[in-house]
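J.: give me a model of this one.
(one chain, ligands or ions: 2)
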Amino acid sequence: MKIFNTSQIQKWDAYTIKAEQITSLDLMERAATACFDWLTEHVTFHNRRICFFCGVGNNGGDGLVMARKCLEKGYAVSVYIVHFSSSQSEDFKKNLQRLIDLKATINHLVEDNSSFNLKESDLIIDAIFGTGMSRDISGFTSEIIQLINQTGKEVIAIDMPSGLSTSSLLKNDGMVIKASTTLTFQCPKLNLLLPDYFKYYGEVVLINIGLSESFSSVEPSSMFYVDANFIKSFFIKRKKFDHKGTFGHSLLIGGSFGKIGAIVLATKAAIGAGSGLTTAFIPKCGYDILQTSVPEAMVEIDNDLELAYFNYKVNPTVIGLGMGMGTSEKTIEGFYRFLKHNSTPLVIDADAINILSKKPSFLELLPPETILTPHPKELERLIGKWSNDYEKIDLMTDFTEKHNCILVNKGANTLVVYKKEKYFNSTGNPGLAKGGSGDVLTGMITGLLAQKYTALQASILGIYLHGKAADCALEKGISEESLTASDVIQHIDNAFAFFSSKTIKK
Ligand SMILES: NC(=O)C1=CN([C@@H]2O[C@H](COP(=O)(O)OP(=O)(O)OC[C@H]3O[C@@H](n4cnc5c(N)ncnc54)[C@H](O)[C@@H]3O)[C@@H](O)[C@H]2O)[C@@H](O)CC1
Ligand SMILES: [K+]
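T.: Ligands and ions are numbered 1, 2, ... in the order given. The predicted structure follows:
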């Protein structure tokens, strides 16, 4: 799914109105009804008042429609209009009149009279500003936002938490509604995916308001939300006469004394992701462990306790390396010799990234479109410090342009950056914040790259399936707390089940 900015969303809105021959009022009714339906499924109305804080634009209009729908159901409702401007949108005015016709009590909050009283059990709906927020909030509106935040009550934001723009850096940190949930329309917005603003948007729910599909297929964007439909657009199904040679040969290089588990996990994950043949190249001390725990893999050995010579014999399609590898002098020297002679596509993780950070000159030896999978600390060592998410994305962009590589920044909404293109993952859960998850991801991306996917596709498919496998594990009853990297590997099959041609239902 493409991620659009405010002006593109406005274009999409206008395009739909024209294509479907509906009015903007109809579209508002449709959007607000979808939000109301979500509320009725997810919120308790019993013994509770729903307090709508509505601006005077179309976001406020959405709030008024929802308030009307609540009143029609007999729910307790309070409506507060925040008069941040003397000009009101046409659809806001029409919906205000409809509420007045229903004899609803409307409270008007203005510069000199902006106080309101909330009760313990109130639920707040924030419909002050939506995607139209274009400049810093000032005066009494900012006070209202601060007062709402101070109540500590549950807030559900409509489209955007008021005060947060769709896709630009927030300058005034205190002037944004802190929502526990944001019901955003049709597509995610960049600022609803960035870790910096999580404290404002909380859980993000995509509300389908039926905007025209054809617009999003032609409107360009360099930012994408990686969901199931996006994966379907390039997923390769297996065919009857495919054989193991069709799916490549993955070589996983890593491990050191005490860290053989990392390479075991990565090797298993490469196999789970569909690698045709898989070999692990490890220090001798891990030989028995590998052969016993991953019988499907071949094993070649290096020095006794750490990697030093990188003298494997196989001729792989792709190499994934770094997991549990350590950063000893001997390993660094061997890694350098390996890079000097290697032209096989690479997926680089963990200690191998740390070595590249210590020895930036090695970066020039990477083959084109090498995939690097750093967690935030490894990323910082590699590209330098950033003071906000926008700066981080810029640094990642510059790095991938300079070194013609792909960066996979692991975390919630794992971000893949390849030059101008940005891909945010939709799958995964906090259970993945545990040692071993990253080894599994690198193994999976390696196993996918060994097949017929491009480096960018393998990265995107890898992050999606990895997160999906973790989500499937939770659906089977495993908790976020107890989820292990091995559980993720065991559920890769369920993650594939959404796309594969032949799967057995369990
Ligand atoms: N995207 C869509 O297709 C749809 C959008 N709808 C709603 O329309 C919203 C956008 O509506 P609007 O464009 O009217 O904008 P908003 O309702 O977000 O904001 C209202 C107006 O306030 C002004 N403004 C911006 N920043 C301000 C500030 N700091 N202080 C004072 N005034 C400021 C702007 O002129 C803006 O148009 C969406 O967020 C959504 O809730 C829905 O009603 C229908 C469908
Ligand atoms: K809002």
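
J.: give me the element the residue in the stretch 401-506 of the chain that ligand 1 sits nearest to is part of.
T.: Using CB to the nearest ligand atom, F424 is the residue of the stretch 401-506 of the chain that sits closest to ligand 1, at 19.8 Å. To be clear about C-beta, it is placed using only N, CA and C from the backbone, and glycine gets the same treatment. In this assignment (DSSP states H and E), F424 forms part of strand 421-425.

J.: thinking again about what came up before, burial count for the residue of the stretch 401-506 of the chain closest to ligand 1?
T.: 22 (other CB atoms under 10 Å).

J.: note down every partner strand of the strand holding F424 and its orientation.
T.: Next to strand 421-425 in the sheet, as set by DSSP bridges, lie strand 223-226 (parallel), strand 415-418 (antiparallel).

J.: beyond it, next helix or strand please.
T.: Assigned by DSSP H and E, the successor of strand 421-425 is helix 437-449.

J.: so where do the strands sit in the stretch 251-400 of the chain?
T.: 277-282, 298-301, 318-321, 346-348, 370-372 (DSSP state E, counting those that start in this stretch).

J.: ligand 2 is nearest to which of the ones you listed?
T.: Of all the strands of the stretch 251-400 of the chain, strand 370-372 sits nearest to ligand 2, with 37.4 Å by CB to the ion.

J.: chain center to stretch 75-87: distance?
T.: 33 Å (CA atoms, centre = their mean, to the nearest Å).

J.: in it, what counts as buried?
T.: Y75, A76, V77, S78, V79, Y80, I81, V82, H83, F84 (16 or more other CB atoms under 10 Å).

J.: for the nearest residue to E72 once chain neighbours are set aside, give me its contacts.
T.: Excluding the flanking residues, the one nearest E72 by CB to CB, 6 or more residues apart in numbering is L102, at 7.7 Å. Contact analysis of L102 by CB atoms under 8 Å, 6 or more residues apart in numbering lists R68, L71, E72.

J.: out of these, who's nearest G210?
T.: If you rank these by distance to G210 using CB to CB, R68 comes first, at 20.0 Å.

J.: the closest one against R98, yeah?
T.: Yes. Counting by CB atoms under 8 Å, R98 is a contact partner of R68 at 6.0 Å.

J.: return the residues of the stretch 201-350 of the chain in contact with ligand 1.
T.: I209, L211 (CB under 6 Å from any ligand atom).

J.: how about the helices in the stretch 1-150 of the chain?
T.: 6-20, 24-42, 58-72, 90-101, 139-151 (DSSP state H, counting those that start in this stretch).

J.: swap in the stretch 151-300 of the chain?
T.: 198-201, 213-218, 228-232, 260-272, 287-293.

J.: just say which of those helices is most tucked in.
T.: helix 260-272 (a mean of 29; mean count of other CB atoms under 10 Å).

J.: and the residue of the stretch 251-400 of the chain that's closest to ligand 2?
T.: For the stretch 251-400 of the chain, CB to the ion, closest residue to ligand 2: D389, 20.7 Å.

J.: nearest spatial neighbour of that residue, chain-adjacent residues omitted?
T.: Nearest one to D389, counting by CB to CB, 6+ apart, is L194 at 4.1 Å.

J.: I'd say the one you found and N409 touch.
T.: No. Contact criterion CB under 8 Å: L194 and N409 do not qualify, at 11.6 Å.

J.: tilt between the helix or strand containing Q457 and helix 437-449?
T.: Following DSSP H and E, the helix or strand that holds Q457 is helix 455-475. Per axes from the mean of the first three to the mean of the last three CA atoms, to 10 degrees, the angle that helix 455-475 makes with helix 437-449 is 130 degrees.

J.: could you look up the next helix or strand downstream of helix 455-475?
T.: helix 485-490.

J.: tell me the contacts of the residue in the stretch 401-506 of the chain positioned nearest to ligand 2?
T.: Proximity of the stretch 401-506 of the chain to ligand 2 (CB to the ion) peaks at N413, 20.8 Å away. Shown in contact with N413 (CB under 8 Å, 6+ apart): L193, P195, F424, N425, S426, G428.

J.: let's see if you can find the most crowded of the contacts of L102.
T.: Ranked by neighbours (other CB under 10 Å), the contacts of L102 are led by R68, which has 23 neighbours.

J.: got the contact list for that one?
T.: Contacts of R68 (CB under 8 Å, 6+ apart): N95, R98, L99, L102, A104.

J.: model confidence for it, exactly?
T.: Note on R68: pLDDT of 98.

J.: and for S328?
T.: You'll see S328 listed with a pLDDT of 96.

J.: thought N494 was touching I478?
T.: No. Assessed by CB under 8 Å, N494 is found out of contact with I478, at 11.8 Å.

J.: any chance of the helices of the stretch 1-150 of the chain in a markdown table, plus distance to ligand 1?
T.: What follows is those, written out as a markdown table (distance: least, CB to the nearest ligand atom, whole Å):
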| stretch | distance to ligand 1 |
| --- | --- |
| helix 6-20 | 3 |
| helix 24-42 | 4 |
| helix 58-72 | 3 |
| helix 90-101 | 7 |
| helix 139-151 | 6 |
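
J.: gap between stretch 178-189 and the chain center?
T.: 13 Å.

J.: same question, stretch 21-35
T.: 28 Å.

J.: ok, and what's touching that stretch?
T.: Residues contacting stretch 21-35 (CB under 8 Å, 6+ apart): 13, 16-17, 58, 61-66, 69, 90-91, 94-95, 158, 183, 185, 207-210.

J.: if you set the cut-off to 7 Å instead, what comes out?
T.: Stretch 21-35 has contacts (CB atoms under 7 Å, 6 or more residues apart in numbering) with 13, 16-17, 58, 61-62, 65-66, 69, 91, 94, 158, 183, 185, 207-210.

J.: just the buried ones from those residues?
T.: Buried residues within the contacts of stretch 21-35, defined by neighbour count using 16+ other CB under 10 Å: 13, 16-17, 58, 61-62, 65-66, 69, 91, 94, 158, 183, 185, 207, 209.

J.: let's see stretch 285-293 as PDB, backbone CA atoms only.
T.: Extracted as PDB, the C-alpha positions of stretch 285-293 are listed here (Å, rounded to 0.1, in the frame of the first residue of the first chain):
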ATOM      1  CA  CYS A 285      33.500 -26.000  18.100                       C
ATOM      2  CA  GLY A 286      30.000 -25.800  16.700                       C
ATOM      3  CA  TYR A 287      30.200 -28.800  14.300                       C
ATOM      4  CA  ASP A 288      28.300 -31.400  16.400                       C
ATOM      5  CA  ILE A 289      25.700 -28.800  17.500                       C
ATOM      6  CA  LEU A 290      24.900 -27.800  13.900                       C
ATOM      7  CA  GLN A 291      24.800 -31.300  12.500                       C
ATOM      8  CA  THR A 292      22.500 -32.400  15.300                       C
ATOM      9  CA  SER A 293      20.200 -29.500  15.500                       C
END
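
J.: what's the average pLDDT for that stretch?
T.: 97.

J.: how about the contacts made by P430?
T.: Taking CB under 7 Å, 6+ apart, one finds E480 in contact with P430.
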